[in-house]
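*Asks:* Sharing a model prediction with you, sequence too.
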Amino acid sequence: MIYIFFDGLKSHQVINQYDDWLSSTDYSIWSNSYIEVQNKRIYIIKENVKVLSTFRYFDKIELELLAKKYNVKVKEEEGIYYAYTDDHSSRQFEISENNELVVIYCIEGGNMPESIFIYGVFEK
């Protein structure tokens, strides 16, 4: 899918996946990140965000159904199941959704968020 990713400062035209540094490590800036597909927009850090794991929002069956739907894998670590991909094994994959779009992504960094990996953007 082709979409625009705005990281709070800069817009990036993306085909399928995005994996790069954020333009700013300031939360007040990158928290305004959004994805835009044609006239549909989702603020990925603010709209219905849930970590793709059994830690809080999903049980194992729900997580496995989402994994199948969005082509990710499920792995168990110390009794907690979480989504991952072979290319990106972050335990913090998150899903953000609104009435029009779904985004699966993770934010990574050493001591603070520094980069973002957008696994996929899906239309509802």
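*Replies:* Yep, that arrived.

*Asks:* Going by secondary structure, residue 67 is in what exactly?
*Replies:* Using DSSP states H and E, residue 67 sits within helix 60-70.

*Asks:* what lines up beside the helix or strand following that helix in the sheet?
*Replies:* Downstream of helix 60-70, the first helix or strand assigned by DSSP H and E is strand 73-77. Counting by DSSP bridges, the strands paired with strand 73-77 are strand 80-84 (antiparallel).

*Asks:* What are the buried residues along the strand it pairs with?
*Replies:* 81, 82, 83, 84 (16 or more other C-beta atoms under 10 Å). Just so you know, the C-beta spots here come from the backbone N, C-alpha and C atoms, and that holds for glycine as well.

*Asks:* my read: residue 98 touches residue 44, true?
*Replies:* No. Residue 98 is not in contact with residue 44 according to C-beta atoms under 8 Å; the separation is 9.6 Å.

*Asks:* So those two - more neighbours on which side?
*Replies:* More neighbours surround residue 44 than the other of residue 98 and residue 44, with 29 against 16 (other C-beta atoms under 10 Å).

*Asks:* residue contacts, the more buried one?
*Replies:* By C-beta atoms under 8 Å, 6 or more residues apart in numbering, the contact set of residue 44 is 33, 34, 35, 96, 103, 105, 118.

*Asks:* What about those, which are in strands?
*Replies:* Among those, the ones falling in strands (DSSP state E) are 34, 35, 96, 103, 105, 118.

*Asks:* need the contacts of residue 44 in TSV with distance to residue 25 and pLDDT, can you?
*Replies:* Below are the contacts of residue 44 laid out as TSV (distance: C-beta to C-beta, whole Å; pLDDT from 0 to 100):
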residue	distance to residue 25	pLDDT
33	13	97
34	18	98
35	20	98
96	20	97
103	20	98
105	17	95
118	18	96
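
*Asks:* Looking at these, spot the one nearest residue 11.
*Replies:* Top of the list for closeness to residue 11, among these and by C-beta to C-beta, is residue 34 at 9.7 Å.

*Asks:* Count the neighbours of the closest one for me.
*Replies:* 21.

*Asks:* For it, list the residues it contacts.
*Replies:* 5, 6, 41, 42, 43, 44 are the contacts of residue 34 under C-beta under 8 Å, 6+ apart.
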